[in-house]
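Chemist: sequence-free structure coming up:
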């Protein structure tokens, strides 16, 4: 929900020429319409239930959106029986795709996530969650559907244990396995990312050591060359002295006819 609101707000601000928190290379299209359906629109005076108000807003979006529209729909088709909500949500999203609209829709319905995963025009995404600490990480992960982590949150909130246990027993086995699979994959990925980060750190340390070794080697080679040059100069000086001494000795021998 926060990502949805932030995205629409940034796009709206950009159209007013305001600075937004984004990479310098980011591209923000210009839109003709902004639509957002977020929150509870029930109205007793108008006889609208939560779901009726939601349908009314969705209808407006479906009828008026086009390829120049940016939309945000929070918890699409929620507020009614999932048996009907999931097909309604999918039908709405299919119509919006035909209209060419761009936007974000959030949902907790696993079957909508599965359908989105199989649709090339839609990209799944989810917020990362630390499965060890049972804490949100506030990072959006693309290409992977989000997980509700309802059992984990019950555990974290220290919910009545017997009720917790009964709730898990009542959860649809297939749906629960799919949610657990996503959670396990995310947990494994976090472990791999940590190992990868440690590997990068060690690689950095190794590169530093290698750089120090190369600097030391270069310095030693430089010192070696200086020592060789100095030794050659000293050798030439000694040979020159010896030659002079020999010349003097030979000259003396000749003069004294020894």
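Modeler: In hand now; what should we look at? These figures come from a predicted structure and were not determined experimentally.

Chemist: low-scoring stretches of the protein, by residue?
Modeler: The model of the chain has pLDDT under 70 over residues 41-48, 172-187, 258.

Chemist: Would you quantify the distance from residue 36 to residue 72?
Modeler: Going from residue 36 to residue 72 by Cβ to Cβ, to the nearest Å gives 5 Å. Every C-beta, even on glycine, is put in place using the N, C-alpha and C of the backbone.

Chemist: Could you do residue 61 as well?
Modeler: Where residue 72 is concerned, residue 61 sits at a distance of 10 Å (Cβ to Cβ).

Chemist: Need the overlap of contacts for those two.
Modeler: 35, 37 (Cβ atoms under 8 Å, 6 or more residues apart in numbering).

Chemist: Give me the distance from stretch 68-87 to the chain's centre.
Modeler: 26 Å (Cα atoms, centre = their mean, to the nearest Å).

Chemist: Need the distance between the two termini of stretch 16-34.
Modeler: 14 Å (Cα to Cα, to the nearest Å).

Chemist: which outside residues touch that stretch?
Modeler: So stretch 16-34 is in contact with 8, 10-15, 64-66, 68-71, 102, going by Cβ under 8 Å, 6+ apart.

Chemist: Buried residues, stretch 130-140. List them.
Modeler: Neighbour counts using 16 or more other Cβ atoms under 10 Å place residue 131 of stretch 130-140 among the buried residues.

Chemist: oh sorry, the question was meant for stretch 58-70
Modeler: 58, 61, 62, 65, 69, 70.

Chemist: Just give me the closest of those to residue 52.
Modeler: residue 58 (10.7 Å; Cβ to Cβ).

Chemist: need the contact list for the nearest residue to residue 171 once chain neighbours are set aside.
Modeler: Spatial nearest neighbour of residue 171, excluding adjacent residues (Cβ to Cβ, 6 or more residues apart in numbering): residue 151 at 7.8 Å. Shown in contact with residue 151 (Cβ under 8 Å, 6+ apart): 164, 167, 168, 171.

Chemist: Please tell me how far residue 151 sits from residue 145.
Modeler: With distances taken as Cβ to Cβ, residue 151 is found 17 Å from residue 145.

Chemist: Also residue 3?
Modeler: Applying Cβ to Cβ, the value for residue 3 to residue 145 is 14 Å.

Chemist: Over to residue 120?
Modeler: 15 Å.

Chemist: Could you check which of these two has the larger neighbour count?
Modeler: residue 145 (18 against 5; other Cβ atoms under 10 Å).

Chemist: Surely that one and residue 122 touch.
Modeler: No. Counting by Cβ atoms under 8 Å, residue 122 is not a contact partner of residue 145; they are 10.7 Å apart.

Chemist: so what sits against both of these two?
Modeler: residue 116.

Chemist: Measure how buried the closest residue to residue 62 other than its chain neighbours is and give me the count.
Modeler: Closest residue to residue 62 apart from its sequence neighbours, by Cβ to Cβ, 6+ apart: residue 95 at 5.2 Å. Per other Cβ under 10 Å, the neighbour tally for residue 95 reads 15.
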